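Asks: Kindly return the folded structure for what I paste below:
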Amino acid sequence: MSYKISRASFTAAKKLGVSIKPSTVKGKKVDVFNKKGEKIASIGALGMNDFHLWKQKKGLEFAKRRQKAYKIRHNKDRHKRGTPGYYADKILW
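Replies: Numbers count the residues shown, from 1 in each chain. Predicted coordinates:
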């Protein structure tokens, strides 16, 4: 199964000062790299949808409901900058 990274994800990564590429880790969607090109995280479970996929498949309103549920569910691990949870929240959601 392959994952096509959305333009919105590339834009979000650029705002964070990182770059992203399709993941080389089995079961993950995206690898995040710092400015030096060092891999700092693998994010997104392959096979699970994210905001951009939900928006494409079911529309903006449904995607926003899923986004809210994601942010509540991952509230403990999405606030610390530099963690995989942080990058998943900012790039995929």
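Asks: drop to CA atoms for contacts and neighbour counts, all remaining ones
Replies: OK.
Asks: tell me what the lengthiest helix in the chain is packed against?
Replies: For the chain, the longest helix by residue count, based on DSSP state H, is helix 60-73. Packing partners of helix 60-73 (3 or more C-alpha pairs under 8 Å, 6 or more residues apart in numbering; DSSP states H and E): helix 51-58.
Asks: Tell me what angle the helix it packs on forms with helix 60-73.
Replies: Relative orientation of helix 51-58 and helix 60-73, computed by axes from the mean of the first three to the mean of the last three C-alpha atoms, to 10 degrees: 140 degrees.
Asks: can you give me the helices for this structure?
Replies: Counting by DSSP H, the chain has these helices, from start to end: 7-16, 51-58, 60-73, 84-87.
Asks: so which of these comes closest to V25?
Replies: V25 lies closest to helix 84-87 among the helices of the chain, at 13.4 Å (C-alpha to C-alpha).
Asks: For that closest one, the averaged confidence score.
Replies: Mean pLDDT, computed over helix 84-87, is 96.
Asks: Tell me how far it lies from the chain's centre.
Replies: Taking C-alpha atoms, centre = their mean, to the nearest Å, the mean C-alpha location of helix 84-87 is offset from the chain mean by 8 Å.
Asks: what does stretch 12-23 give?
Replies: Relative to the chain's own centre, stretch 12-23 is displaced by 9 Å; criterion: C-alpha atoms, centre = their mean.
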